[in-house]
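Student: Kindly return the folded structure for what I paste below:
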Amino acid sequence: LTSPPLRGRRRAAEHRRPSRHAVTTKAARRSRPTAGTTATASTSSPPASTPAATLVNEVRELDRRLWTVAVLAGVVGALVATSAVVVVGQLGRQTTVIRPVEQVVQPASTVLTLATDPRGNNIGTIAARLRPTIVELIVNDDGSNVIGSGVIFSNNGYILTDDHVVQGAASMVAVLSNGQRINARLVGGDQVTDIAVVQLRGGKPEEVATLGSSSELQVGQLAIALGSPGAMAGTGSVTSGIISALDSQVDPADGPPLRDMIETDAPLGPGSNGGALVDANGMVIGITTSVTLSGQDSQTLSLATPIEVARDVANQLLTTGRVVHAWLGVDGTDLDVAMAQSLGIAGGAIVDSVDAGSPAARAGIVASDVITSVAASPVESMGDLDAVVRGHRPGDRVTVSYLRNGTPHSTDVVLEQQPTSDIP
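Tutor: Residues are numbered from 1 along each chain as shown. Now for the predicted structure:
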C-alpha cells in the first residue's frame, strides 16, 4: 500500500463553520430541466377562388407560420432558461448529529438502482463489476447484532469499513457476494476518522476493489454508493447521485468531529455504512457513512471519508497496529468572503484559540491570526487546515504562513502527535 499525501486545496463553493456542533458544507446542487412540450398545428388552408382571395390566404398563411415560429421559440427559450438553473444550498444552522444504530433486520426488498446515468455511465455495469468486492458485516456487540458493510481492498482479505460499525465487536461474520459466510477479526480502528480494518479469518476474496483518489473530485460528478445490507447473495444496495459537497465538517454528538468529508445525494440504505462510494470509472473514492441531524427535519446526510484518509489509516494499522495524527493545536473558523476580499486573499482560517503548550503556541501563533498556508499548501478554510495537517506526521517541520492585523508573517512549526485529551 502506498499513501499519497492528502490535499487541502479542494474548493467547490462557500464553506462556513459557524461553531462547533454544527454541520457546514461547500455545496452546489445540480439542476433538473423541466420536460418540454412540442407545439403542433394544422397546415391545411381552403382553396382560393380569386386572385384577391389567394393573396388574402397567403397573407394569413404567412401570419400563421410566424406565430407558430414564435410559439416554438418561446418553448425552446423556456427550456434553455430552466436547464440553466443551479440550486445552491448551504447548511449553516446549529445542529447536533446523531449517528443511527443499525440493527440486523432483513429488508423487505433490496434497495437497487441499476439505471443508465443520463451522462452515459452505465451504473448497472459498474455495480455488477464491484459487487464481489463489497461484503456484509454482521457484528456481535455484547449480545446484540449490528449490521454494516465493508470493502475488500487486499488479496489477504483485508476490509475497510466504518469504525462505529465494528467498535467493541466480540465476534464478527463477513458475508461475501456469493453468500459465503466467513468469520472475521477486527485489526484495529480509528475513532478520529471513523475508519477501521477487518480481516477475513479464512477463504480468499473473489475480487479486490481498486482504490482511486478523491483529490480531483468536483461538485456535480457522478457518485455511486454500494453496500450490502442483509440482501440476497449476489445483490445489495446500489444508489446513485452526485457529489453535492466537499470538505464537509460534521460534529457528531457521540464522537470526535468528522472533517474533510465528501457529501453525496445518493441515499444510503440501512446497513450500508462502511460501503464504497465510487466514481464513474468504478474507482473507490470514499468509505460511506450516514448521520442524522436532530431536530424537526431529522435530515439524514450521506457522507464518505475520502479514500486517501482511509488508505492512510489502513497503512498505519497494518504496519504499526495503531494510528497517530499530527497536531498543530489551534481551533478556528473560516474567513468570510468580505474579510477575505478586504485582505486581498482567497480565504483563510481565523484562529479562535490556541491550545496551551501546543506546537502553534510555541511558534507564536495567537488568536485572531489568519492562517493562509501550511507547508506551501494553500489554506482557505478550517477544512483545508485540517486536511493539510492530517497529511503530515508527528515530528514534521512545516512553515505556517499567516496574517496578523493584515501583515504577512511566517513561522516554522514542528508538528506533534495529537494527545488523547485533545480528541473530543
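Student: Check the protein for its longest strand and report it.
Tutor: Secondary structure of the chain per DSSP state E: the longest strand is strand 237-250.
Student: what's it packed up against?
Tutor: In terms of contacts (3 or more C-beta pairs under 8 Å, 6 or more residues apart in numbering; DSSP states H and E), strand 237-250 is packed against strand 24-27, helix 123-130, strand 222-227, strand 258-264, strand 300-306, helix 382-390. (C-beta placed from N, C-alpha, C; glycine too.)
Student: please redo it, this time with the cut-off set to 6 Å
Tutor: The contact analysis (3 or more C-beta pairs under 6 Å, 6 or more residues apart in numbering; DSSP states H and E) places strand 237-250 against strand 24-27, strand 222-227, strand 258-264.
Student: I152: how many residues sit nearby?
Tutor: As a burial measure, I152 scores 25 neighbours (other C-beta atoms under 10 Å).
Student: My guess is it contacts L160. True?
Tutor: No. Using C-beta atoms under 6 Å, I152 is not in contact with L160; the gap is 8.3 Å.
Student: Tell me where the stretch 51-200 of the chain has strands.
Tutor: All strands of the stretch 51-200 of the chain, identified by DSSP state E, counting those that start in this stretch, fall at 97-98, 134-141, 144-152, 158-162, 171-175, 181-190, 195-200.
Student: Would you format those strands as CSV with distance to G357 included?
Tutor: Below are the strands of the stretch 51-200 of the chain laid out as CSV (distance: least, C-beta to C-beta, whole Å):
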stretch, distance to G357
strand 97-98, 30
strand 134-141, 37
strand 144-152, 39
strand 158-162, 33
strand 171-175, 40
strand 181-190, 24
strand 195-200, 29
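Student: So which of those is nearest T399?
Tutor: strand 181-190 (27.5 Å; C-beta to C-beta).
Student: Neighbouring strands - and their directions - for the closest one?
Tutor: Strand 181-190 has its sheet partners listed here by DSSP bridges as strand 171-175 (antiparallel), strand 195-200 (antiparallel).
Student: can you dump the C-alpha coordinates of the last one into CSV?
Tutor: Output in CSV follows, covering the C-alpha atoms of strand 195-200 (Å, rounded to 0.1, in the frame of the first residue of the first chain):
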residue,chain,number,x,y,z
ILE,A,195,-12.2,4.1,9.8
ALA,A,196,-11.4,0.5,10.7
VAL,A,197,-9.8,-2.5,9.2
VAL,A,198,-11.2,-6.0,9.4
GLN,A,199,-9.6,-9.3,8.1
LEU,A,200,-11.3,-12.5,6.9
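Student: Spit out the contact partners of R259.
Tutor: By C-beta atoms under 6 Å, 6 or more residues apart in numbering, the contact set of R259 is Q249, D386.
Student: switch to 10 Å and redo it
Tutor: Neighbouring residues of R259 by C-beta atoms under 10 Å, 6 or more residues apart in numbering: 17, 192-193, 247-251, 305, 309, 382-383, 385-387, 390.
Student: now swap in A266 and tell me
Tutor: Counting by C-beta under 10 Å, 6+ apart, A266 has contacts 113, 222-226, 238-244, 272, 277, 288, 302, 304.
Student: What separation do you get for it and I243?
Tutor: 9 Å (C-beta to C-beta, to the nearest Å).
Student: joint contacts of these two?
Tutor: Contact criterion C-beta under 10 Å, 6+ apart; residues shared by A266 and I243: L222, A223, L277, A304.
Student: these two touch, right, the last one and S272?
Tutor: No. A304 sits out of contact with S272 when judged by C-beta atoms under 10 Å, with a separation of 11.0 Å.
Student: Which neighbours do the two have in common?
Tutor: Joint contacts of A304 and S272 (C-beta under 10 Å, 6+ apart) are A225, A266, T288, T289, S290.
Student: can you tell me which two in the residues you listed are farthest apart?
Tutor: A266 and T289 (12.8 Å).
Student: shared neighbours of the two, anything?
Tutor: S272, L277, S302, A304.
Student: Could you find the closest non-adjacent residue to D396?
Tutor: In this structure, D396 finds its nearest non-sequential neighbour in L415, 5.0 Å apart by C-beta to C-beta, 6 or more residues apart in numbering.
Student: Among the strands of the stretch 51-200 of the chain, which comes closest to A356?
Tutor: Closest approach to A356 among the strands of the stretch 51-200 of the chain (C-beta to C-beta): strand 181-190, 25.7 Å.
Student: buried set for the closest one?
Tutor: Neighbour counts using 16 or more other C-beta atoms under 10 Å place I182, A184, L186, V187, G188, G189, D190 of strand 181-190 among the buried residues.
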